[in-house]
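> heads up, no residue letters with this:
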């Protein structure tokens, strides 16, 4: 397997903690990301056949005057199926996306989060192990390998937020050429659940959910990533890929990944917001 670069992150404070409390702060931060995944998966009530229920979302805030330009950048990313779903919600200052209020001067965008896969599989009685978020290299529109990764259990922020801030994606290049780097996530499921999961993935496709990018065999590597014995590896598309494309174009976006749940029925196709 090719060497992977693991990026570590620690939340910085402008006021250094006293020595006796530094370890406590570190322990409190570790695992917050994986905990949010578990909570949002539990709160997900989406019925993949009826296409309704609560879905987990990422909430991003754009400068109001730049939102129209951002849409023109993001829509081709949705069209390329580099997002979990083409259905989104848009809100203006003072309005809410889930339970998050949009600040003054901003336009809010809610995009479906890949945790929807965790939530639906959980409701089907299938345990899913969320390993890490990373940067996946694509070649000819096919997943090749992870070139960067952050384990959820060692980060207090969603890895996608960190990678976007670090300008480590090339979503626009993928849209134009099929080659580049996107946000993606790695999961493992029990090998015995394969046939049931395949049926759920088909239901996802019928519901317009494109969350699963790659699905391996039992114990087989996926995109050069090791998979445990008797497990199956899954690579999920990062829900913030369209937003990352806007950031690549120089638009300043504030992201709140894995931050809320919303009714799927209240989301609209991104194309309906293109004026």
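Arrived safely, thanks for sending. No experiment lies behind these values; they were computed from the predicted model shown.

> going forward, measure contacts and count neighbours with C-alpha atoms only.
Will do.

> any idea where the strands of this protein begin and end?
5-6, 54-63, 87-92, 96-97, 100-101, 106-112, 129-139, 142-151, 180-190, 212-215, 231-237, 254-263, 268-269 (DSSP state E).

> Figure out which of the ones you listed is closest to residue 157.
strand 254-263 (8.3 Å; C-alpha to C-alpha).

> elements contacting the closest one?
helix 32-43, strand 54-63, helix 159-165 (3 or more C-alpha pairs under 8 Å, 6 or more residues apart in numbering; DSSP states H and E).

> Columns distance to residue 191, mean pLDDT and mean neighbour count on top of those, output as JSON lines?
Output for these, formatted as JSON lines (distance: least, C-alpha to C-alpha, whole Å; pLDDT from 0 to 100; neighbours: other C-alpha atoms under 10 Å):
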{"stretch": "helix 32-43", "distance to residue 191": "21", "mean pLDDT": "92", "mean neighbour count": "19"}
{"stretch": "strand 54-63", "distance to residue 191": "26", "mean pLDDT": "98", "mean neighbour count": "25"}
{"stretch": "helix 159-165", "distance to residue 191": "26", "mean pLDDT": "95", "mean neighbour count": "21"}
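
> Next up, the contacts around the nearest residue to residue 266 once chain neighbours are set aside.
In space, residue 266 comes closest to residue 89 once its chain neighbours are excluded; the distance is 7.4 Å by C-alpha to C-alpha, 6 or more residues apart in numbering. When contacts are counted by C-alpha atoms under 8 Å, 6 or more residues apart in numbering, residue 89 is found next to 97, 109-111, 266-268.

> hang on, the earlier thing: got the strands of the chain as JSON lines, with distance to residue 119 columns?
Converted to JSON lines, the strands of the chain look like this (distance: least, C-alpha to C-alpha, whole Å):
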{"stretch": "strand 5-6", "distance to residue 119": "27"}
{"stretch": "strand 54-63", "distance to residue 119": "8"}
{"stretch": "strand 87-92", "distance to residue 119": "18"}
{"stretch": "strand 96-97", "distance to residue 119": "19"}
{"stretch": "strand 100-101", "distance to residue 119": "21"}
{"stretch": "strand 106-112", "distance to residue 119": "12"}
{"stretch": "strand 129-139", "distance to residue 119": "12"}
{"stretch": "strand 142-151", "distance to residue 119": "19"}
{"stretch": "strand 180-190", "distance to residue 119": "13"}
{"stretch": "strand 212-215", "distance to residue 119": "13"}
{"stretch": "strand 231-237", "distance to residue 119": "13"}
{"stretch": "strand 254-263", "distance to residue 119": "11"}
{"stretch": "strand 268-269", "distance to residue 119": "21"}
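
> So for residue 245, which of these sits nearest?
For the strands of the chain, proximity to residue 245 was assessed by C-alpha to C-alpha; strand 180-190 is nearest, at 9.4 Å.

> Sheet-wise, list the partners of the closest one with their directions.
Strand 180-190 has the following sheet partners, assigned by DSSP bridges: strand 129-139 (antiparallel), strand 231-237 (antiparallel).

> most tightly surrounded among these?
Per-residue neighbour counts averaged over each of those give the maximum for strand 231-237, namely a mean of 25 (mean count of other C-alpha atoms under 10 Å).

> what angle separates it from strand 142-151?
Taking axes from the mean of the first three to the mean of the last three C-alpha atoms, to 10 degrees, strand 231-237 and strand 142-151 form an angle of 100 degrees between their directions.

> What are the contacting residues of strand 231-237?
For strand 231-237, contacts defined as C-alpha under 8 Å, 6+ apart pick out 82-84, 114, 183-191, 194, 210-222, 227.

> With residue 194 as the reference, measure out to residue 238.
From residue 238 over to residue 194 the distance is 22 Å, taken as C-alpha to C-alpha, to the nearest Å.

> Those two: who's more crowded?
When residue 238 is set against residue 194 and neighbours are counted by other C-alpha atoms under 10 Å, the residue ahead is residue 238, at 28 against 18.

> hang on, the more buried one packs against residue 183?
Yes - at 4.8 Å, residue 238 and residue 183 qualify as touching, with contact defined as C-alpha atoms under 8 Å.
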